[in-house]
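# Make a model of this:
(chains A and B)
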Amino acid sequence: MNARPYWLSAPALLLYTAMFLIPMVMTFLLSFYSYDINQGIVTGFKLANYGEVIQDSYFHKIFLRTLWMSLLVTFFCALLGAPEAYILHRMSKPWKSICMLAILGPLLVSVVVRTLGWAILMGSKGIINETLMSIGIIDAPIKMMFTTTGVVVALIHVLIPFMVLSVWASLQKLDPQVESAGESLGASSFTVMRKIVIPQIMPGILSGSMIVFALTASAFATPSILGGRRLKVVATTVYDEFLGSLNWPLGAAIAVLLLIANVIIITSFNKFIERKYAQAFK
Amino acid sequence: MSKNSPLALIFNVLFITFMLAPLIIVCLVAFTPLGYISLPWDGFSLRWFYAILDNPHFIDAFYLSVLLGTVSATIAVGMAVPASLAFARYEFKGKGAIMAFFMSSLMVPHIVLGVAFLSFLTKVGIYGSFIGLVMTHVIIIMPYALRLVLSAVTGMDRSAEDAAVSLGASNWTVFRRVTIPMIIPGIAGGWVLSFITSFDEVTMTVFVASPSTTTLPVRMYEHITETIDPLIASLSATMIFITIILMAILDRFFGLDNILVGKGK
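Below is the predicted model:
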């Protein structure tokens, strides 16, 4: 047997084993340890951390809030991102490239900067409130910071480029002649949309939804800056357990649960898409 | 191809406005002459840009981020090239598993990676060191580097290599003089995407950065959670300007859509 491919992939394989596999296994083990205020982390094998997360209504609330936010963000990304990708697809150059740049460019800007923009817009003395009040539409500032709406809007902004990209990719495979055929046979543009376009871009919408959902469920910086302590999500809870209350085992258990949920969602989504649209991948 | 309806064009304008509004606001606020967050109605001032220079901890963090991105992207691409050659040109036992292993770090949320790296680096005793930071970043950017380099190697026409071999070139010469020049767009694209991903990373780095090895996004995140002032806006505006310049360079050399599409999948 030829040993060369193993030698070629050895450097990356070694690094991945040392820096990825071992830390992940360690975190998994850590989640079974316990934490004592006086002794610190106590090694052992107890399910107590998982028990606490599963039984405590405080954690239920955090997990449910994260799920609800992820569903909202995914829904709106699909609702707004898919039509935008379709409109882009029908545009002609150079506008197409310019709009594409405006939508995808923000992906290259740090999420901290993008969230800062929303914080400036949404504060009680923020640009939106000041403007609305000076025009006289509202009397008192609308509360947007530290609300679910605020976090969801900012997360849509952060993640919608992934949806546009994903739908865009599936539109590239769409044959424009099928659309014209539908039109020339007398179908209304609504029928063409419903019967020809949407079924063909559905795999793109679904895989975009999967990316957006997974990234929202584990988003950290945006909910942390715009949601603060009052609107904790799973990721910010993990952060607080690790760097605030120093209860690493409990934080590790929450992180493991988040990872398991993430892997289940991604793999079942993938299976579903592959089964339903098997012919689209051939 | 049929044209977009006026309604569709209005939707498009609103969508683009939504995408750009927060970034434009940051850039406008950065020019305020006042001491708090406000739009520069009464004239533009560069005072908050000069203020960055009086905050060496931001400057230090910027240099650290650039160095970290450069070193990690170089290591990641350096590992991705031989691995891609192995995947594209050989059939070997465990190939699928190894490839899945390299891509699996994409499935792990950055917050989970942060937790894992924090406990690992503390255990090994290199928490807060630059080398520890580099290794964690290589894991995060490796899938991006690998994907772009692999697609370049897979799509490469091998007849030039065969010609070089038949003319008597050694393996090393073929690799250096034929293979590398032919896959250089993939290597460069992978490097740039890796660099940007490393430079922007905050969620994982928050866990592994110590006060003396803090990256710019982490420093900015910590600043924002305490106070939102025009200083952070001018810093963000500077980062946006740098990104725009980088984008222009990238677009000129590789075509921006190629690189961005790599990020989305």
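# How many residues are close by whichever residue of the stretch 1-150 of chain A sits closest to chain B?
Nearest residue of the stretch 1-150 of chain A to chain B (CB to the nearest CB) works out as A:G117 at 2.5 Å. Bear in mind the C-beta positions are built from the backbone N, C-alpha and C, glycine included. By other CB atoms under 10 Å in any protein chain shown, 26 other residues sit near A:G117.
# so what's it closest to, chain neighbours aside?
B:P22 (2.5 Å; CB to CB, 6 or more residues apart in numbering or on different chains).
# what about that neighbour, helix or strand, and which?
Assigning secondary structure by DSSP states H and E places B:P22 in helix B:6-29.
# what about the residue of the stretch 1-150 of chain B found nearest chain A, how many residues close to it?
When distances are taken as CB to the nearest CB, the stretch 1-150 of chain B reaches nearest to chain A at B:P22, 2.5 Å away. By the criterion of other CB under 10 Å, B:P22 has 26 neighbours.
# B:L150 too?
22.
# for the closest residue to it other than its chain neighbours, helix, strand, or coil?
Distances taken as CB to CB, 6+ apart place B:S84 nearest to B:L150, at 4.3 Å, with adjacent residues excluded. Following DSSP: H, G, I helix; E, B strand; the rest coil, B:S84 is assigned to helix.
# that older thread, my read: the residue of the stretch 1-150 of chain A closest to chain B touches B:V29, true?
No. With contact defined as CB atoms under 8 Å, A:G117 does not count as touching B:V29 (9.0 Å).
# Now do the strands for the stretch 151-265 of chain B: every range, in order, please.
Applying DSSP state E, counting those that start in this stretch to the stretch 151-265 of chain B gives no strands.
# Helices of that one, residue ranges please.
Using DSSP state H, counting those that start in this stretch, the helices found in the stretch 151-265 of chain B span residues B:159-166, B:171-174, B:180-200, B:205-208, B:216-226, B:230-253, B:256-264.
# among those helices, which is the most enclosed?
Most buried of those, by mean neighbour count (mean count of other CB atoms under 10 Å in any protein chain shown): helix B:205-208, with a mean of 25.
# Quick one: distance of that helix to the chain centre.
Averaging C-alpha positions (CA atoms, centre = their mean, to the nearest Å) puts helix B:205-208 16 Å from its chain's average.
# cool, and stretch A:157-172?
13 Å.
# Buried residues, that stretch. List them.
Neighbour-count burial for stretch A:157-172 flags A:157-171 (criterion: 16 or more other CB atoms under 10 Å in any protein chain shown).
# wait, does it contact chain B?
Yes. Residues of stretch A:157-172 are located near chain B by CB under 8 Å from any CB of the partner chain, namely A:157, A:160-162, A:165-166, A:169.
# which of those residues lies closest to chain B?
Of these, the one sitting nearest to chain B (CB to the nearest CB) turns out to be A:L165, at 3.5 Å.
# what kind of secondary structure is the closest one in?
helix.
# A:L104 is in contact with that one, correct?
Yes. Taking contacts as CB under 8 Å, A:L165 lies within contact range of A:L104: 7.0 Å.
# State the next helix or strand along the chain beyond whichever strand or helix holds A:V212.
Applying DSSP H and E as the criterion places A:V212 in helix A:198-217. Next along the chain after helix A:198-217, taking DSSP H and E as the criterion, comes helix A:221-222.
# Could you list every helix and strand in contact with that following helix?
Using 3 or more CB pairs under 8 Å, 6 or more residues apart in numbering or on different chains; DSSP states H and E, the elements in contact with helix A:221-222 are helix A:111-122, helix A:148-171.
# Now tell me what touches that helix from outside.
Identification of contacts with helix A:221-222 by CB atoms under 8 Å, 6 or more residues apart in numbering or on different chains yields A:111-112, A:114-115, A:118, A:151, A:154-155, A:158, B:202-203, B:221.
# Now do that helix: distance to the chain's middle.
11 Å.
# what do you get for stretch A:14-27?
24 Å.
# Which stretches in the stretch 1-150 of chain B count as strands?
Using DSSP E, counting those that start in this stretch, strands in the stretch 1-150 of chain B do not occur.
# and A:F32, what is it in contact with?
Neighbouring residues of A:F32 by CB under 8 Å, 6+ apart: A:44-47, A:49, A:249.
# ranking these by neighbours, who comes first?
Neighbour-wise, the contacts of A:F32 (other CB under 10 Å) top out at A:N49, 25 neighbours.
# wait, that one sits on A:L257?
No. Counting by CB under 8 Å, A:N49 does not reach A:L257; the two are 9.6 Å apart.
# For the stretch 151-265 of chain B, which residues score under the pLDDT cut-off?
Along the stretch 151-265 of chain B, the parts satisfying pLDDT under 70 run over B:254-265.
# Please apply the same query to the stretch 1-150 of chain A.
In the stretch 1-150 of chain A (pLDDT under 70), the answer is A:1.
# Next one: the nearest residue to B:S72 once chain neighbours are set aside from B:S198, what distance?
Nearest non-adjacent residue to B:S72, counting by CB to CB, 6+ apart: B:H137, 3.9 Å away. Distance from B:H137 to B:S198, counting by CB to CB, to the nearest Å: 5 Å.
# overlap in contacts of those two?
Common neighbours of B:H137 and B:S198 (CB under 8 Å, 6+ apart) are B:68-69, B:72.
# can you pick the most crowded of these?
For the shared contacts of B:H137 and B:S198, neighbours were counted using other CB under 10 Å, and B:S72 has the most, 27 neighbours in all.
# Am I right that A:I41 is in a helix?
No. Going by three-state DSSP, the assignment for A:I41 is strand, not a helix.
# So it is in contact with A:Y33, correct?
Yes. Using CB under 8 Å, A:I41 is in contact with A:Y33, at 5.5 Å.
# out of those two, which sits in the more crowded spot?
A:Y33 (19 against 16).
# so what's the closest residue to that one other than its chain neighbours scoring on pLDDT?
Excluding its sequence neighbours, the residue lying closest to A:Y33 (CB to CB, 6+ apart) is A:P249, at 4.3 Å. With respect to pLDDT, A:P249 scores 93.
# mind listing what A:P249 touches?
Counting by CB under 8 Å, 6+ apart, A:P249 has contacts A:30-35, A:41, A:49.
# and if we set it to 10 Å?
Each residue near A:P249 by CB atoms under 10 Å, 6 or more residues apart in numbering or on different chains is listed here: A:29-35, A:41-44, A:46, A:48-49, A:241, B:119.
# Repeat that for A:L30.
Neighbours of A:L30 in contact, by CB under 10 Å, 6+ apart: A:23, A:41, A:43, A:49, A:248-253, A:255-256, B:115-116, B:119-120, B:123.
# Please parse chain A into its domains.
A:1-30, A:63-233+A:251-281 (automatic domain parsing).
# Ok, which of those comes nearest B:S129?
domain A:1-30 (13.4 Å; CB to CB).
# which parts of the closest one are buried?
For domain A:1-30, a neighbour-count test (16+ other CB under 10 Å) marks A:5-6, A:8-9, A:12-13, A:15-16, A:19-20, A:23-24, A:26-27, A:30 as buried.
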